[in-house]
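> Need a 3D model of the sequence below.
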Amino acid sequence: MTAVAVGLALGYPLLLVVGSGMAAALVTAVVLVGRQPRWQVSREVGPDQVERGESALGRVTFRNTGRTRTPAVTAYDAVSGQLAVPVALVALDPGGTRFRTYPLPTQRRGRYEIGPLTIRREDPLGLARRSAVMATVEELWVLPKLHPVRRVPSGRGSGHGAATAETLFRGSSDFRSLREYVLGDEVKNLHWKSTARAGQLMVREFTDPWRPSVTILLDNRALALSPDAFEEAVEVAASVHRAAVRADCVVTLALTAPDPGGPAGARHHLDRDMQRLCLVAQQDAPAVAVPTGGASCLVFVSGGESAVDRATLSTLKRRADLVIVVDLASSGEAPGVPYVAATSADAAVAQWNALVGR
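Numbers count the residues shown, from 1 in each chain. Okay, the predicted model is just below:
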């Protein structure tokens with residue numbers, strides 16, 4: 001517009017032509033982008049639970065519900081508010097429908113929020129742009145990669161103190177303790193006197209003293225393992241956990257340092273332990289928090305000097321019939337208990353199978 005004004009004031013026809021062309025281009029861009037097509041857009045994530053490195057896809061359904069042809073646009077699907085995955089959507093005739101699938105990142109374990117899906121439109125010259133949010137947010141759980149653990153030793157036996165609130169056997173007759181109510185607990189196990197005192201729902205917890213009990217103690221202290229080694233340790237812990245559950249053991253997952261970012265309760269079809277392993281992070285804590293209660297077998301997943309600390313191992317031995325140490329820093333020092341030393345989850349599980357599979 002300035003060029004038009006200068007051209008008129010000074011009598012320069014060239015400036016007048018250039019300015020008029022620029023003004024026309026700007027008006028055209030605003031008209032093209034300003035008209036809102038009638039779209040119907042939905043997005044699905046499937047599967048919504050995968051192991052690290054497995055394939056997870058977003059699937060966008062794009063439908064033209066208007067009477068005119070919609071332009072080709074690019075949509076961007078946000079991943080946990082950071083990475084934006086571009087999705088090219090073609091032009092559609094009235095009533096037309098198209099589907100587009102695209103890979104979602106699964107290289108790191110964790111819970112990812114997929115969305116919202118944002119459609120951005122701009123004119124060919126890039127003079128005007130418009131965005132519209134078209135789809136809701138969904139969840140994608142990336143579990144630690146699970147390796148084939150053949151067997152988990154059950155120790156010499158099990159005791160009444162072995163189980164925890166996360167994995168106790170429902171329906172057995174031995175009362176263990178009271179704990180807070182979580183979704184899925186049976187109403188008949190509510191303890192009303194304790195509920196009144198605590199101001200929140202409390203339930204009675206029961207355990208079966210005849211089932212083998214396995215405690216997996218994951219060292220999530222920052223001083224024990226490097227970030228990369230910690231990821232390998234999480235995969236070992238998850239793999240042993242799955243094998244113990246499949247063997248019908250009472251399984252307890254414990255951490256050496258409190259993790260304030262862990263889940264408060266089970267959500268959709270994931271159990272609480274797998275959620276914790278999805279979300280667990282390293283913490284600044286100097287000492288090992290030894291789990292209370294006994295177990296048939298206790299698996300200590302740590303690294304370096306922390307894995308072979310005599311005081312820690314002495315305390316753990318008093319908590320279980322059998323203690324197995326998995327050292328992901330591969331210090332190479334045998335601490336007087338069954339011992340696995342490796343620098344990767346693959347190698348650690350291979351040594352585990354050789355050690356306990358005999």
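> switch to C-alpha atoms for all contacts and neighbour counts from now on
Fine.
> and the lengthiest strand in the chain, average pLDDT?
Ranked by number of residues, the top strand in the chain under DSSP state E is strand 110-122. The pLDDT scores in strand 110-122 average 81.
> And for stretch 335-344?
89.
> who are the neighbours of the longest strand of the chain, in terms of helices and strands?
Packing partners of strand 110-122 (3 or more C-alpha pairs under 8 Å, 6 or more residues apart in numbering; DSSP states H and E): helix 13-34, strand 73-79, strand 129-135, strand 138-143, helix 272-279.
> Parallel or antiparallel, which strands does it pair with?
Note on strand 110-122: by DSSP bridges, its sheet partners are strand 73-79 (antiparallel), strand 129-135 (antiparallel), strand 138-143 (antiparallel).
> now that strand and helix 272-279, what's the angle there?
When axes from the mean of the first three to the mean of the last three C-alpha atoms, to 10 degrees is applied, the directions of strand 110-122 and helix 272-279 differ by 60 degrees.
> and the strands paired with strand 110-122, which one is worst for confidence?
When I compare the strands paired with strand 110-122, strand 129-135 is least confident, with a mean of 65.
> before we move on, back to that, and of the strands paired with strand 110-122, who's closest to residue 349?
When the strands paired with strand 110-122 are compared by C-alpha to C-alpha, strand 138-143 sits nearest residue 349, at 17.3 Å.
> what does the closest one rub up against?
For strand 138-143, contacts defined as C-alpha atoms under 8 Å, 6 or more residues apart in numbering pick out 44-45, 47-52, 106, 108-115, 274, 277-278.
> Tell me the buried residues within those residues.
44-45, 48-52, 106, 108-115, 274, 277-278 (16 or more other C-alpha atoms under 10 Å).
> show me where this protein has helices.
Using DSSP state H, the helices found in the chain span residues 2-10, 13-34, 192-198, 227-246, 272-279, 310-317, 345-356.
> Show the average pLDDT along the shortest one.
Meaning helix 192-198. Averaged across helix 192-198, the pLDDT comes to 85.
> next one: the second one
Within the predicted structure, the mean pLDDT of helix 13-34 is 52.
> and the strands paired with strand 110-122, which is most packed in?
strand 138-143 (a mean of 22; mean count of other C-alpha atoms under 10 Å).
> so how far is that strand off the chain centroid?
5 Å (C-alpha atoms, centre = their mean, to the nearest Å).
> go on, stretch 231-248?
16 Å.
> what's the answer for stretch 333-342, then?
Worked out by C-alpha atoms, centre = their mean, stretch 333-342 lies 31 Å from the chain centre.
> Mind listing what's buried along that stretch?
Applying 16+ other C-alpha under 10 Å to stretch 333-342 flags 339-342 as buried.
> cool, stretch 50-68 as well?
In stretch 50-68, counting by 16+ other C-alpha under 10 Å, buried: 50-52, 56-60, 62-66.
> just to revisit the earlier point, in a markdown table: the strands paired with strand 110-122, plus distance to residue 189.
Shown next, in a markdown table, are the strands paired with strand 110-122 (distance: least, C-alpha to C-alpha, whole Å):
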| stretch | distance to residue 189 |
| --- | --- |
| strand 73-79 | 40 |
| strand 129-135 | 41 |
| strand 138-143 | 31 |
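> just to revisit the earlier point, want to throw the buried residues of stretch 50-68 into JSON lines with pLDDT?
Shown next, in JSON lines, are those (pLDDT from 0 to 100):
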{"residue": "50", "pLDDT": "94"}
{"residue": "51", "pLDDT": "95"}
{"residue": "52", "pLDDT": "95"}
{"residue": "56", "pLDDT": "95"}
{"residue": "57", "pLDDT": "93"}
{"residue": "58", "pLDDT": "91"}
{"residue": "59", "pLDDT": "90"}
{"residue": "60", "pLDDT": "88"}
{"residue": "62", "pLDDT": "84"}
{"residue": "63", "pLDDT": "89"}
{"residue": "64", "pLDDT": "86"}
{"residue": "65", "pLDDT": "87"}
{"residue": "66", "pLDDT": "83"}
